[in-house]
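**Q** Make a model of this:
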Amino acid sequence: MRTVRTLAAVTAAALAPIAVASSAMAGDQPGHRAPTGVGIAVADRTISPGDSDTVLGRLHRAGPGRQPGLPGHHVVLLAKAPGTNTWSKVADGTTKRHGYVFFTVTPASTTRYEVAFPRTPRLRGSHSRPITIFVGQPSDVTASATSSSINPGETDTINAVLTSNGTPLAGQTLVLRARPNGHRRGHEVATATTDSNGAAAFPVTPGRTTHYRVVFRGAEGDNPAVSNPVRVIVRRPTSLSIREKTLNNGKTVVSGVLLAPRHPLANRMVSLMASPAGTNTWTTVDTKPTGPHGYVFFTVTPASTTRYEVAFPRTPR
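**A** Got it, this is the predicted structure:
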């Protein structure tokens with residue numbers, strides 16, 4: 001059983017951003033009653049048969065932004081079962097500090113809920129938007145990427161497995177959602193059907209580093225589920241220049257500048273490679289980090305004619 005204490009953080013996070021326009025009830029006379037609004041949230045959107053959940057409501061004055069709560073007022077919890085068009089009262093409550101009210105429910109099947117506020121001599125009646133608690137067997141979606149990072153233009157695969165109580169769910173539709181870096185919201189990019197092992201695969205070719213989730217929207221007897229986030233890093237292209245200068249003391253300085261698009265790359269390890277004349281073998285002579293402006297240099301004293309290269313190996317980013 002969940003407690004009010006464990007839901008305190010959920011209450012503030014779930015209800016604070018809800019700005020529900022007040023809905024006047026029949027018979028209201030708006031000329032002398034102040035408008036109100038009711039926000040609603042639930043502790044869990046999906047529960048197993050026999051489990052309880054908590055419906056949270058907040059009665060407040062109507063208006064833009066977060067309005068003051070209205071404590072000490074009578075509100076009603078309404079419920080509507082699937083396949084019906086009738087709302088039934090299931091509980092009464094009184095709003096507490098800041099206008100919050102809590103209801104514990106144990107629905108036998110998937111049920112929609114609303115919190116309603118009857119009008120008073122000074123306040124208009126209003127009700128919340130409907131919210132659904134799904135009742136079914138617990139489902140789980142796990143997701144992973146074949147590669148943790150790819151080069152621009154390459155394709156990766158998001159792999160997902162859907163289970164219910166640990167048993168694979170075959171023939172179910174999974175939805176892939178993507179959120180590229182710099183975007184606040186994700187969007188649907190693909191769907192796939194699970195095989196006999198509950199597995200599905202989504203090939204992706206992101207243009208930039210992207211975060212993915214796999215969503216199961218539920219089926220008869222099985223609850224919806226959302227996977228863990230999976231990040232596919234798209235490596236930035238780089239360029240590395242090379243220069244050679246012979247000093248008066250006979251030594252040679254080989255230098256280079258490492259760049260990513262539009263800026264230098266500092267503190268990256270760059271290697272100097274050497275190949276003596278007449279051979280096709282390259283060996284690593286030295287490795288150093290680049291400086292603040294992507295600059296790196298090596299001092300060498302070749303015993304014979306030698307070719308040099310500077311190399312930057314790929315990284316996850």
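**Q** Export only the CA atoms of the strand or helix carrying Arg231, formatted as CSV.
**A** Counting by DSSP states H and E, the element that carries Arg231 is strand 230-234. Output of strand 230-234 as CSV, limited to C-alpha atoms (Å, rounded to 0.1, in the frame of the first residue of the first chain):
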residue,chain,number,x,y,z
VAL,A,230,18.7,4.3,-24.8
ARG,A,231,21.2,6.8,-26.2
VAL,A,232,22.8,6.5,-29.6
ILE,A,233,25.8,8.9,-29.9
VAL,A,234,26.5,10.2,-33.4
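**Q** in its sheet, what does it sit against?
**A** Strand 230-234 has the following sheet partners, assigned by DSSP bridges: strand 149-150 (parallel), strand 210-216 (antiparallel).
**Q** Tell me the buried residues in it?
**A** 230, 232-234 (16 or more other C-beta atoms under 10 Å). Yep, even glycine has a C-beta here, placed from its N, CA and C like the rest.
**Q** TSV please, covering those residues and showing distance to Arg179 and pLDDT.
**A** Listed next are those as TSV, based on distance: C-beta to C-beta, whole Å; pLDDT from 0 to 100:
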residue	distance to Arg179	pLDDT
Val230	11	95
Val232	11	95
Ile233	14	92
Val234	14	91
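**Q** got JSON lines for these, with distance to Thr110 too?
**A** Output for the buried residues of strand 230-234, formatted as JSON lines (distance: C-beta to C-beta, whole Å):
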{"residue": "Val230", "distance to Thr110": "29"}
{"residue": "Val232", "distance to Thr110": "34"}
{"residue": "Ile233", "distance to Thr110": "39"}
{"residue": "Val234", "distance to Thr110": "40"}
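**Q** and the residue nearest to Ala91 when sequence neighbours are not counted, what helix or strand is that in?
**A** Spatial nearest neighbour of Ala91, chain neighbours left out: Leu77 (4.2 Å); criterion: C-beta to C-beta, 6 or more residues apart in numbering. Counting by DSSP H and E, the element that carries Leu77 is strand 74-80.
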